[in-house]
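Undergrad: give the three-dimensional model of this entry:
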Amino acid sequence: MQRFHSLGKPDLTLGGLRLWIHGREFPDSTDYYDLNWLVISAICEARGARVWLERAPALMTEELQRWLHALEQLLQGKRRRAALDTIEPYLNITVRDARPHGVWEVEVCLTPDNVNQEHQFRFEVSGEELNRLVQQLRGILERYPVVGER
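TA: Sure thing, here's the model as predicted:
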């Protein structure tokens, strides 16, 4: 676990999930897909379990942008669920609408080996945590905007 402490402050936190963005996989590419892949590290922890993914090209900027939009709509009451659905099967996150007492349900699927492993975490977060997530995503997309055209 020492290796994650050396990464500094995570770029994104949500419940037991922490995620660091290391940069674009191919920053000098001119190809839309190559240029928009982000290399990340992530760890998700819950009582008795800890799963991590180290320095993998596992997210696209476009996926983060879609998730941000869905989260904003979720917070406005325009939808009941907001999912980070990724092309690569290493990380997927779903946030479901608030329960009657104002808590949001989060499901994180994280694996470093999608052929041999599946890891799923569920936890609840407050509206304040969800608003902080939206701000974190906006910051990530300011540093790593979607570039180019399909």
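
Undergrad: from now on I want contacts and neighbour counts done on CA atoms only, so please keep to that.
TA: Will do.

Undergrad: contacts for the lengthiest strand in the chain next, please.
TA: Counting by DSSP state E, the longest strand found in the chain is strand 49-60. Outside of strand 49-60, the residues within contact range by CA atoms under 8 Å, 6 or more residues apart in numbering are 22, 25, 33, 36-45, 86-91, 110-112, 119.

Undergrad: buried ones from the residues you listed, can you make that a ChimeraX selection?
TA: To isolate the buried ones among the contacts of strand 49-60 in ChimeraX, judged by 16 or more other CA atoms under 10 Å, type:
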select :25,33,36,37,38,39,40,41,42,43,44,86,89,90,91,110,111,112,119
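
Undergrad: which stretches in this structure count as strands?
TA: With DSSP E as the criterion, the chain has strands spanning 12-14, 17-24, 37-46, 49-60, 81-84, 91-96, 103-110, 120-126.

Undergrad: mind putting the ones you listed into CSV with mean pLDDT and distance to Gly139?
TA: Below are these laid out as CSV (pLDDT from 0 to 100; distance: least, CA to CA, whole Å):
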stretch, mean pLDDT, distance to Gly139
strand 12-14, 97, 10
strand 17-24, 97, 11
strand 37-46, 96, 14
strand 49-60, 94, 15
strand 81-84, 97, 17
strand 91-96, 97, 18
strand 103-110, 95, 21
strand 120-126, 95, 20
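
Undergrad: can you lay out those as JSON lines showing distance to Arg143?
TA: Below are the strands of the chain laid out as JSON lines (distance: least, CA to CA, whole Å):
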{"stretch": "strand 12-14", "distance to Arg143": "13"}
{"stretch": "strand 17-24", "distance to Arg143": "9"}
{"stretch": "strand 37-46", "distance to Arg143": "11"}
{"stretch": "strand 49-60", "distance to Arg143": "13"}
{"stretch": "strand 81-84", "distance to Arg143": "19"}
{"stretch": "strand 91-96", "distance to Arg143": "21"}
{"stretch": "strand 103-110", "distance to Arg143": "24"}
{"stretch": "strand 120-126", "distance to Arg143": "26"}
